[in-house]
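Asks: Below: sequence and its predicted model.
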Amino acid sequence: MKNIWFTSDQHYGHKNILTFKDADGNLIRPFSSVEDMDEIMIDNHNKLVKTGDIVYNVGDITFDKKSFPSIMERLNGSHRIAFGNHDDIPFLVNGRWFKKTYVTRRFDDMGFIVSHYPLATDQFFNHRQQKQMHCVHGHVHSKSLDNPLYINVSVEVTKYAPVHMDEILAIIKSRS
């Protein structure tokens, strides 16, 4: 089986995100420049993800249309995207960087759904199996939701690197 990875909210090329702070007033992205941020995320990605691996980008991948094509050329893996609120969908689709595109992607047999937004729990209930699933999401950056059904894969909580499917499944098992 291929390795499968999840990541969200990279915001490649987004200079202003370097000024965003958490509830305690700390910068959520402690980088000296946007170029530094992008390079660290690319390096972290490529240290883990190999050429044949599958990567689910869970939205808000870029803010810079100029630099993004060269960034995608450098990122290992076969990419899919669940669009986020800041994604320019026509730009991303027309660039043909993503093998598949989604709003949400269900992994029923594994017990979770992928969505940029943390969905309402009734939106990820598996009616066929009559059980509650988990939601792998981004959007909230460094914030965490006080509900064990949510798994945040925003780069701020994953050390600016993708999360492997095995880790997602281990989290689900530990919370079930």
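Replies: Now that the structure is in, tell me what you want to look at. Here the structure is a predicted model, which is why all the values come from computation and not from measurement.
Asks: ends of stretch 131-149, how far apart?
Replies: 12 Å (C-alpha to C-alpha, to the nearest Å).
Asks: Buried residues of it, list them for me.
Replies: For stretch 131-149, burial by neighbour count (16 or more other C-beta atoms under 10 Å) applies to 133-142, 149. C-beta: built from backbone N, CA, C; applies to glycine.
Asks: quick one: which of the residues you listed is nearest Gln123?
Replies: Among the buried residues of stretch 131-149, Cys135 lies closest to Gln123 (C-beta to C-beta), at 8.0 Å.
Asks: who does that closest one bridge with?
Replies: With DSSP bridges as the criterion, Cys135 is bridged to Ile113, Tyr150.
Asks: separation between it and Val93?
Replies: Distance, Cys135 to Val93, by C-beta to C-beta, to the nearest Å: 24 Å.
Asks: Same question for Met165.
Replies: Separation of Met165 from Val93 (C-beta to C-beta) stands at 25 Å.
Asks: With neighbour numbers in mind, choose between these two.
Replies: The residue with more neighbours, out of Met165 and Val93 and counting by other C-beta atoms under 10 Å, is Met165; that gives 20 against 14.
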